[in-house]
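Trainee: sequence first, predicted coordinates after that:
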Amino acid sequence: TSRHVTSPLSLSSPKKSNTAISPLAFSSQGLPEACCNLGVCYATGRGVQQSAEEAVHWYQLAAEKGLPRAQSNLAGCYASGRGVQQDWMLAAMWFQKAAEAGDGTAACSLGAMHAEGKGVM
């Protein structure tokens, strides 16, 4: 299935304000930061049609490449059921990976899950 950006997204170069680079071009190469950033765009509707499912798709790609921010964002989707069926075990797994990579927010979220007994043993 193809991914379609409904309006131009651009990252302006500080030296050349008329230069625009599409995050979709970078994300199609599988670059984790670009994939995660595109996920954020879909999650918020910034420059694209808002879609929690598309956000999860892009977070997943970046998370599997080891990007802690994407792992934490994906975990949040599993914890809340945004764009995917709620799954506390997968949320805990992705928060754990992000926390182990140094993501403090993920560590806090994982701690809260432990305190509430959600997705952890």
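Mentor: That came through, no problem.

Trainee: tell me the SS of the one residue sitting closest to the centre of the chain?
Mentor: In the chain, the C-alpha nearest the mean C-alpha coordinate belongs to Tyr59, at 3.2 Å (C-alpha atoms, centre = their mean). The local conformation at Tyr59, judged by DSSP: H, G, I helix; E, B strand; the rest coil, is helix.

Trainee: next: Glu53.
Mentor: Classification of Glu53 by three-state DSSP places it in helix.

Trainee: okay, now the closest residue in space to it that isn't next to it in sequence: neighbour count?
Mentor: Excluding its sequence neighbours, the residue lying closest to Glu53 (C-beta to C-beta, 6 or more residues apart in numbering) is Gly83, at 4.6 Å. In short, each C-beta sits where N, CA and C put it, glycine included. For Gly83, the neighbour count with other C-beta atoms under 10 Å is 20.

Trainee: hang on, Gly83 packs against Gln50?
Mentor: No: contact criterion C-beta atoms under 8 Å: Gly83 and Gln50 do not qualify, at 10.6 Å.

Trainee: how about the helices in this protein?
Mentor: 23-27, 32-44, 52-64, 68-80, 88-100, 104-116 (DSSP state H).

Trainee: where does this structure have low pLDDT?
Mentor: 1-30, 121 (pLDDT under 70).

Trainee: ok, 50 please
Mentor: Within the chain, the segments meeting pLDDT under 50 span 1-2, 4-21.

Trainee: rewinding a little: tell me the contacts of the residue nearest to Glu53?
Mentor: Contact analysis of Gly83 by C-beta atoms under 8 Å, 6 or more residues apart in numbering lists Ala43, Ser51, Ala52, Glu53, Glu54, Ala55, Val56, Cys77.
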